[in-house]
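A.B. asks: Mind looking at a prediction? Sequence and model below.
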Amino acid sequence: MSLRIGLFYGSSTCYTEMAGEKIRDHINGMFGANVVTMHNIASDPISLMTDYSYLILGIPTWDYGELQEDWESHWSEIDCLDLIHAKAAVYGLGDQIGYPEWFQDALGYLWAKVVNQGATTVGAWPNQGYTFEQSKALTEDEKFFVGLPLDDENQLDLTEDFIHQWCEQIVTEFGLGSK
């Protein structure tokens, strides 16, 4: 199968990686083939993003709206990428109760970064069912997040279902049909 989706993530505590594995497994299951390749940006070059027409990018928000360390280390490298032909979906992990003023801020930063490099984004997610004060990851009308916000600290029981729904959504929005 010639379809290839690159999933790039940074993960200090493995939760973003584990969410990425669930996303990979669900999409691969939809197609009955290994179409998603995972890349840990701590060890794989960011420049590999340009090898894919379809991207899924995972980032956690740390503390007071900060980037995860691996993304922060490579942040300026994203400015050198030409993503004009790419469709990208972003997902993030954050803690809406512990950090309600910065919930999913890094998700919003990453979304804006790839949009600035020309990527078309998909995967906006409704903001209902979350309790937070502010987020840089909201769409302009504030009705959606720019990608999938996961909160394994406070809503672990929802993660699996959210991932399944979101995978179905982004595959459709990518314009891909399963199997």
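C.D. replies: Here it is on my side, so go on.
A.B. asks: What score does M1 have for pLDDT?
C.D. replies: Note on M1: pLDDT of 46.
A.B. asks: The worst-scoring helix or strand of the chain on mean pLDDT pairs with which strands, and in what direction?
C.D. replies: The least trusted helix or strand in the chain, going by mean pLDDT, DSSP states H and E, turns out to be strand 66-67, with a mean of 92. Partners of strand 66-67 in the sheet, by DSSP bridges, are strand 54-62 (antiparallel).
A.B. asks: ok so, going back, following the chain past the least confident helix or strand of the chain, name the next helix or strand.
C.D. replies: Using DSSP states H and E, the helix or strand that follows strand 66-67 in sequence is helix 69-78.
A.B. asks: for the chain, longest helix please?
C.D. replies: In the chain, with assignment by DSSP state H, the single longest helix is helix 156-174.
A.B. asks: now for it, which elements pack on it?
C.D. replies: helix 15-31, strand 87-93, strand 120-122, strand 148-150 (3 or more Cβ pairs under 8 Å, 6 or more residues apart in numbering; DSSP states H and E). Where you see a C-beta, it was placed from the backbone N, CA and C, and this is true even at glycine.
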